[in-house]
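S.K.: Mind folding the following:
(one chain, ligands or ions: 2)
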Amino acid sequence: MQITTHATQPIDGQKPGTSGLRKKTEVFSQADYLQNYVQAIFDVIEPEGRTYVLGGDGRYFNDPAIATILRMAAANGVRKMIVGQSGLLSTPAASHLIRKYETDGGFILSASHNPGGPNGDFGLKFNIPSGGPAPEAVTNAIHARTLEITEYRTSRDEAPTVDQIGRYALGDMEVEVIDPVADYADLMETLFDFDGIRELIATGFTLRFDAMHAVTGPYAVEILERRLGAKSGSVVNGRPSPDFGGGHPDPNPVWARDLVGHMMDPDGPDFGAASDGDGDRNMIMGRGIYVTPSDSLAVIAANAHLAPGYAGGIKGIARSMPTSAAADRVARKLGVEAHETPTGWKFFGTLLDAGRATICGEESAGTGSNHVREKDGLWAVLMWLNIIAARNQTVQQIMDDHWAEYGRTYYSRHDYEEVDSDVASALMDDLRAALETLPGKSFAGLTVIEAEDFDYTDPVDGSQAKAQGIILRFEGGARAVLRLSGTGTAGATIRLYLENHEAPDGNLAQDPQKALERVAQAADEIAGIEARTGRDVPDVVT
Ligand code: VG1
Ligand code: CO
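M.R.: Ligands and ions are numbered 1, 2, ... in the order given. Presented below is the predicted three-dimensional model:
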């Protein structure tokens, strides 16, 4: 095979964030940008003779990026690439394929819930042989390599098109194009009681799954409609589109407003769900009720044993630090380990590998288990359907029972988006500098009892992550967390996470925003969000 070596120069800013490298599409598609980054990955992972999985969420620039990566893989000595048909793979499906075929890792093209299109975002994430996102040691090495890169290699031959299933050659490299859905759907059948769910649906239980024009459409049609018998049309917006139908494929009450409308209709479906661009997030709703992701994690952990794949019980629960402590209460009751990690799925990998966590979750609509090494939107949907079928209860009844047993942890996240980066950094810096002075002081009638920056030491491999977010604890148990997003591509996003626990005999039927009003006010007085950003309301409330 003929290999071309291109001279290139380091490009600034190729530093992966919470989940891979994400940039504006126009940045990612500029000359040498993708190539530099991919070569930096290859320079770090020693690809000769190895096999990788490749696919993406189908957003704009997915196709040319697939072709570029195939040509570079061939030129870098890769033995085989396994590619989803039409370049499609959801993030959890890619993670599963990496594991199932015991490959050496995978390349996932997605900017997840960020909008797509020429004016949207693009992203690339490298996953390791366990199926999980590369840990920081690897992503740091890749970033370091981008700063010293002088050339990249690519094949002179064009890459095969990946629209048809089959085996192709690119020089000495094999390109195997596979059905992106089948392996994943088969895995789901091993974990959940498909007969039970099918029966539930056969008795008239209705559901609506909004794929938000993103990658889960084909997966949801196959699993929910074909294998489980939901009536045709239960999956809406199921055709992946390069710009997600002009929408924002983020499954939360703001961006999935249409689904919320259907679920709040007294004649609406019994169950509603949505997923994000790359299929790793989920939103769960019942008729008349939205389940916050933190509660969903707790309910799933408490009921996982009802699903065949988890019938032996769970070994531990891991949640990201900003996620509410609702799951910790479940862990305590079950007598299993509870872990609190920094934001981002990559921090769950060691715990899952070591068998110290079975169920993991994040407040950002991410839930999953040890079946793959990514969060998994449809997995969460199927887990809920399994729980509903086994308990023979509505979503509302399940939540009421859960709160009656464990109490209710009111929770909300307020996002301030596209804030001037300098203003956001100064806000965090000043807050960090003031931490020691806060305990004992009162704000909005709430006294701070503890104020700290979250530092994490991985209990399995001892790796450390510092300054992962500011935690403010108040007398009476309320908590506020502040951190800056690591997935945005324009300015900074300040995330303010709020929670307050109500005991089982307390008022379990409050409006969460009301229940959290004082904590929000106290956090704002402490951090000066409104004063510094000029924003009096958050852009997104979930
Ligand atoms: C956000 C979420 C985080 C999630 C990450 C990737 O990160 O808060 O919980 O793991 O997105 O999810 P950040 O740094 O913006 O807060 V996805 O579905 O965008 O890959
Ligand atoms: Co995602």
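S.K.: show me where the stretch 151-300 of the chain has strands.
M.R.: Ranges of strands in the stretch 151-300 of the chain, per DSSP state E, counting those that start in this stretch, are 151-155, 166-170, 173-178, 207-210, 235-236, 271-275, 282-286, 289-291.
S.K.: Can you add distance to ligand 2 and mean neighbour count and give these back as JSON lines?
M.R.: Every residue, glycine included, has its C-beta placed from N, CA and C. Formatted as JSON lines, the strands of the stretch 151-300 of the chain follow (distance: least, Cβ to the ion, whole Å; neighbours: other Cβ atoms under 10 Å):
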{"stretch": "strand 151-155", "distance to ligand 2": "28", "mean neighbour count": "20"}
{"stretch": "strand 166-170", "distance to ligand 2": "29", "mean neighbour count": "15"}
{"stretch": "strand 173-178", "distance to ligand 2": "21", "mean neighbour count": "20"}
{"stretch": "strand 207-210", "distance to ligand 2": "15", "mean neighbour count": "26"}
{"stretch": "strand 235-236", "distance to ligand 2": "18", "mean neighbour count": "20"}
{"stretch": "strand 271-275", "distance to ligand 2": "8", "mean neighbour count": "29"}
{"stretch": "strand 282-286", "distance to ligand 2": "10", "mean neighbour count": "27"}
{"stretch": "strand 289-291", "distance to ligand 2": "18", "mean neighbour count": "20"}
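S.K.: Dump those strands to a markdown table, plus mean pLDDT.
M.R.: Shown next, in a markdown table, are the strands of the stretch 151-300 of the chain (pLDDT from 0 to 100):
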| stretch | mean pLDDT |
| --- | --- |
| strand 151-155 | 98 |
| strand 166-170 | 98 |
| strand 173-178 | 98 |
| strand 207-210 | 98 |
| strand 235-236 | 98 |
| strand 271-275 | 98 |
| strand 282-286 | 98 |
| strand 289-291 | 96 |
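S.K.: So for the residue of the stretch 101-250 of the chain found nearest ligand 2, what's the pLDDT?
M.R.: Closest residue of the stretch 101-250 of the chain to ligand 2, Cβ to the ion: Ser112 (3.2 Å). In this model, Ser112 is scored at 95, pLDDT.
S.K.: Switch the strands of the stretch 151-300 of the chain over to TSV; also include distance to ligand 1.
M.R.: Shown next, in TSV, are the strands of the stretch 151-300 of the chain (distance: least, Cβ to the nearest ligand atom, whole Å):
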stretch	distance to ligand 1
strand 151-155	26
strand 166-170	29
strand 173-178	23
strand 207-210	16
strand 235-236	20
strand 271-275	9
strand 282-286	10
strand 289-291	17
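S.K.: circling back to that earlier point, didn't the residue of the stretch 101-250 of the chain closest to ligand 2 look like it was pressed against Asp278?
M.R.: Yes: counting by Cβ atoms under 8 Å, Asp278 is a contact partner of Ser112 at 5.0 Å.
S.K.: For Thr206, list the residues it contacts.
M.R.: Ala230, Lys231, Ser234, Pro269, Asp270, Phe271 (Cβ atoms under 8 Å, 6 or more residues apart in numbering).
S.K.: Contact partners for the second one?
M.R.: What it means is Lys231. Contacts of Lys231 by Cβ under 8 Å, 6+ apart are Thr206, Glu225.
S.K.: again, 7 Å this time
M.R.: Going by Cβ atoms under 7 Å, 6 or more residues apart in numbering, Lys231 touches no other residue.
S.K.: again, but for the third one
M.R.: Ser234 makes contacts with Leu207, Arg208, Phe209, Leu224, Glu225, as judged by Cβ under 7 Å, 6+ apart.
S.K.: Could you confirm whether the strand or helix carrying Ile471 reaches ligand 1?
M.R.: Assigned by DSSP states H and E, Ile471 belongs to strand 470-474. No: contact of strand 470-474 with ligand 1 (Cβ under 6 Å from any ligand atom) is absent, the minimum separation being 13.8 Å.
S.K.: hmm, who's touching that strand?
M.R.: With Cβ under 7 Å, 6+ apart, strand 470-474 has contacts from 431-432, 446-454, 479-483, 519, 522-523, 526.
S.K.: Then stretch 130-140?
M.R.: Contacts for stretch 130-140 (Cβ under 7 Å, 6+ apart): 16, 19, 44, 95-96, 98-99, 125-128, 345-346, 349, 353, 372-374, 463, 465.
S.K.: Within reach of ligand 1, which of these are there?
M.R.: Answer for these near ligand 1 (Cβ under 6 Å from any ligand atom): Ser19, Trp345.
S.K.: So how do I select the buried members of the contacts of stretch 130-140 in ChimeraX?
M.R.: To isolate the buried members of the contacts of stretch 130-140 in ChimeraX, using 16 or more other Cβ atoms under 10 Å:
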select :16,19,44,95,96,98,99,125,126,127,128,345,346,349,353,372,373,374,465
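S.K.: Quick check: pLDDT value at Gly534.
M.R.: pLDDT, read off for Gly534, is 93.
S.K.: Quick one: residues contacting the nearest residue to Ile201 once chain neighbours are set aside.
M.R.: Of all residues not flanking Ile201 in the chain, Gly229 sits nearest, at 5.0 Å (Cβ to Cβ, 6 or more residues apart in numbering). Counting by Cβ under 7 Å, 6+ apart, Gly229 touches Arg198, Ile201, Ala202.
S.K.: neighbours of the closest residue to Arg356 other than its chain neighbours, just the number please.
M.R.: Nearest residue to Arg356 in three dimensions, chain neighbours excluded: Gly316, at 4.9 Å (Cβ to Cβ, 6+ apart). Neighbours of Gly316 under the rule other Cβ atoms under 10 Å: 21.
S.K.: returning to that earlier point: with neighbour numbers in mind, choose between Ser112 and Asp278.
M.R.: Asp278 (34 against 27).
S.K.: State the distance from the more buried one to Thr343.
M.R.: Relative to Thr343, Asp278 is positioned 17 Å away (criterion: Cβ to Cβ, to the nearest Å).
S.K.: same check, this time on Ile128
M.R.: Relative to Thr343, and taking Cβ to Cβ, Ile128 is found at 19 Å.
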